[in-house]
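J.: Mind folding the following:
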Amino acid sequence: MLVLVLLLVRMLTFVLLLASRYMTYYLTPGAHSSGGVPYWNEMLGLLWTPMLEHSRLTKGWSAYDSLTNSFAVEAIRYMTLAAERQEPDTPARARMIEGWNGYREKIIASLNDGALSYSGKETVSASGEPRKIYAELLGHVNGPNPVGNFFSPLLFGMSWVQTATINCLISNLSSAGSAAVPTNPDGKLGISPTVLDATFDTYAKSGSFLWLNENIELSALIQTTNVNSSQLRDPPYGTKPKPKPPGPLHNTCATALEGKAALTLASGPDHAKFIADQAGCCANCTAAGLKKCTSWFWRGDTKECFFKVDATADTVTKPEPFFAAARSGHCTRATCGNSAPSWCQTLSWPFGGRCEAGCPCPARVMIGKGLGWEIGWAAHRQRWARLIAIHRWLGQAHHVEKQPLYGEDLDYDCIKGLEQGKTVAPSNGRCWGDAGNGVQIGWFVWGEALMRRKLGIL
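T.: All right, here's what the predicted structure looks like:
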């Protein structure tokens, strides 16, 4: 028995030594891939990954991303704990740990208040307060940007990569409430709970799509795998054709949108509301100026006119033939931005579809681990209504009678075709992506276990 214990200790020491050498190598300035890109970027304070498997537009991204760097933050923390437990207390060990933690602090700073966090009009709170959220990635598909410092600006759009930062809080969330662990995450874990909460909230508003189940009462807004956007700074995506240039803005009353099309300018805060006929609604919007009205929406049944400054599409209201909408007569693409419907048709598999210029494209696909992360965070925040909605939706949407295993993703268009006895291209019947995928199942089970623990049933 003693021999076995000694062998185990020696093996663990070897594993720690090997892991520490790997980690030190990747964090060493000058260490680089075969393509010459350094793994550590001192200017950004971030680690680079040569091949991030992603659902956004392509599989492999050369990038500085939130998933890689948040996992690095947690890996360094655990390696430090292991070194303190296993290594002799020597000056060499102290220097090694000090060096690791120095890099860890730089990554944390870049995540929380640097290159991988941002605020924008889509991140504001319900009360209109600006908020910072975790970004997705800096990078490009086919290797480093030949101009600049081996990175390109933040991508527009959203993806599950932004919520991957929750992994830094897993150890706390899983044990929170015990005598040794406070209920609220410890700041020493690196990731800001406030920024993470704002990230989940923004994703719920800007990165979700409505999954309509056969039983309408079991439908729910579900976070998409990714929201592609043609506002990307045109990285080389290969040979796919570029999108067609956008059509003209609707600038006059004579070219107003009607019926369902009018709903593309129906959502968002009302700057003003009054009774008028359609022509008066349009004329008054133009007369008010762009600070008060960049677009108008009119209901023919009630004669109500609504002024909008930052209109988006209403994907909930039932279309009616008496709806009308248009932009102000002062609008140009320069003055009113590149606004377009908040939903554009795109291919949901294999995430290669393009969309109109300026139009975000949520893929109608749910990713397994992303749902697990949302369940865990909602349980921590005690958002029980959301958790009820998710589980009622999943119980019908997954169709366990046809596929009992949880997997990497659920394809909405494919599931809808299945329910109607059709095969929907391009998914071709692959409604459940990689069913049985251990990573996805692991995160889902973690979220479920945390929820049950919070409810006192585990």
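
J.: In contact with the residue positioned nearest the centre of the chain, which residues?
T.: The C-alpha lying nearest the average C-alpha coordinate of the chain belongs to Ser159 (Cα atoms, centre = their mean; 2.9 Å). Ser159 makes contact with 54-56, 136, 207, 225-227, according to Cβ atoms under 8 Å, 6 or more residues apart in numbering. Any C-beta I mention is one placed from the backbone N, CA and C, and that applies to glycine too.

J.: again, only this time at 7 Å
T.: Contact partners of Ser159, counting by Cβ atoms under 7 Å, 6 or more residues apart in numbering, are 55-56, 136, 225-226.

J.: of all those residues, which comes closest to Gly289?
T.: Sorting the contacts of Ser159 by how near they are to Gly289, with Cβ to Cβ, puts Glu136 at the top with 35.9 Å.

J.: I'd like to know how many residues surround the closest one.
T.: Neighbourhood size, Glu136 [other Cβ atoms under 10 Å]: 28.

J.: That one touches Trp160, doesn't it?
T.: No: here Glu136 lies out of contact with Trp160, judged by Cβ atoms under 7 Å, at a distance of 9.0 Å.

J.: circling back to that earlier point, just grab the bridge partners of the residue nearest to the centre of the chain for me.
T.: Here Ser159 sits in beta bridges with Asn226, as judged by DSSP bridges.

J.: do you know how far it is from Leu371?
T.: With distances defined as Cβ to Cβ, to the nearest Å, the gap from Ser159 to Leu371 amounts to 14 Å.

J.: first vs last residue of stretch 391-409, how far apart are they?
T.: When the termini of stretch 391-409 are compared using Cα to Cα, to the nearest Å, they are 16 Å apart.

J.: mind checking the SS state of Leu410?
T.: strand (DSSP: H, G, I helix; E, B strand; the rest coil).

J.: Give me the neighbour count for the nearest residue to it once chain neighbours are set aside.
T.: Leaving aside its sequence neighbours, Leu410 sits nearest to Met366 (Cβ to Cβ, 6 or more residues apart in numbering; 4.6 Å). Per other Cβ under 10 Å, the neighbour tally for Met366 reads 27.

J.: Turn the contacts of Ser159 into TSV, including distance to Lys260 and pLDDT.
T.: Shown next, in TSV, are the contacts of Ser159 (distance: Cβ to Cβ, whole Å; pLDDT from 0 to 100):
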residue	distance to Lys260	pLDDT
Ser55	29	79
Arg56	29	71
Glu136	31	89
Thr225	26	85
Asn226	26	80
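
J.: Domain-wise, how is the chain divided?
T.: Per automatic domain parsing, the structural domains of the chain span 2-180, 207-225+363-454, 253-336.

J.: next one: the second one to chain centre, how far?
T.: The chain centroid and the centroid of domain 207-225+363-454 are separated by 16 Å, computed with Cα atoms, centre = their mean, to the nearest Å.

J.: end-to-end on that domain?
T.: Domain 207-225+363-454 has an end-to-end distance of 27 Å (criterion: Cα to Cα).

J.: next one: stretch 257-274
T.: One end of stretch 257-274 to the other measures 20 Å (Cα to Cα).

J.: Just the pLDDT for the residue nearest to Arg93 when sequence neighbours are not counted.
T.: Of all residues not flanking Arg93 in the chain, Glu87 sits nearest, at 4.7 Å (Cβ to Cβ, 6+ apart). The score at Glu87 is 82. That number is its pLDDT.

J.: what phi and what psi does the backbone show at Glu87?
T.: In terms of degrees, to the nearest 10, the main-chain angles of Glu87 are phi -90, psi 150.

J.: pretty sure the residue nearest to Leu410 is touching Ile222, no?
T.: Yes: here Met366 lies in contact with Ile222, judged by Cβ under 7 Å, at a distance of 5.1 Å.

J.: Just the helices from the stretch 351-458 of the chain, written as ranges.
T.: According to DSSP state H, counting those that start in this stretch, the stretch 351-458 of the chain carries its helices in the segments 368-380, 384-397, 412-419, 438-454.

J.: what's the angle from the second one to helix 438-454?
T.: Relative orientation of helix 384-397 versus helix 438-454 (axes from the mean of the first three to the mean of the last three Cα atoms, to 10 degrees): 140 degrees.

J.: residues in contact with helix 384-397?
T.: Contacting residues not belonging to helix 384-397 are listed as 211, 213-215, 218-220, 222, 375, 378-379, 410, 415, 451 [Cβ under 7 Å, 6+ apart].

J.: farthest-separated two in those?
T.: Farthest apart among those by Cβ to Cβ are Glu214 and Ala379. That separation is 27.5 Å.

J.: So those two - more neighbours on which side?
T.: The residue with more neighbours, out of Glu214 and Ala379, is Ala379; 22 against 11, by other Cβ under 10 Å.

J.: From Arg383, how far out is the nearest residue to that one once chain neighbours are set aside?
T.: On the basis of Cβ to Cβ, 6+ apart, the spatially nearest residue to Ala379 that is not a chain neighbour turns out to be Met451, at 3.9 Å. For Met451, the distance to Arg383 equals 10 Å [Cβ to Cβ].

J.: Looking at those two, which is more packed in?
T.: Neighbours were tallied for Met451 and for Arg383 using other Cβ under 10 Å; the higher tally belongs to Met451 (21 against 16).

J.: I'd guessed the more buried one sits against Trp377; true?
T.: No: using Cβ under 7 Å as the test, Met451 is too far from Trp377 to be in contact (10.3 Å).

J.: and Ala83, what element?
T.: When elements are defined using DSSP states H and E, Ala83 is found to belong to helix 66-86.

J.: buried ones in that helix?
T.: Using 16 or more other Cβ atoms under 10 Å as the burial criterion, the residues of helix 66-86 that qualify are 66-74, 76-77, 79-80, 83.

J.: chain center to the helix or strand that comes right after that helix, what's the gap?
T.: Note on helix 66-86: by DSSP H and E, the next helix or strand toward the C-terminus is helix 91-113. Remark: helix 91-113 is offset 27 Å from the chain centroid, using Cα atoms, centre = their mean.

J.: what do you get for stretch 107-123?
T.: Mean-position distance between stretch 107-123 and its chain equals 13 Å (Cα atoms, centre = their mean).

J.: so where is the stretch 301-450 of the chain shaky, pLDDT-wise?
T.: In the prediction, the stretch 301-450 of the chain carries residues with pLDDT under 70 at positions 332-361, 425-429.

J.: make that the stretch 1-150 of the chain, sorry
T.: Counting by pLDDT under 70, the ranges of the stretch 1-150 of the chain that qualify are 1-17, 57-59, 139-150.

J.: swap the cut-off to 80 and go again
T.: Regions of the stretch 1-150 of the chain meeting the criterion pLDDT under 80 cover residues 1-20, 22, 33-36, 55-61, 120-122, 139-150.

J.: Show the contacting residues for Ser70.
T.: Taking Cβ under 7 Å, 6+ apart as the definition, contacts of Ser70 comprise 111, 164-165, 167-168, 191.
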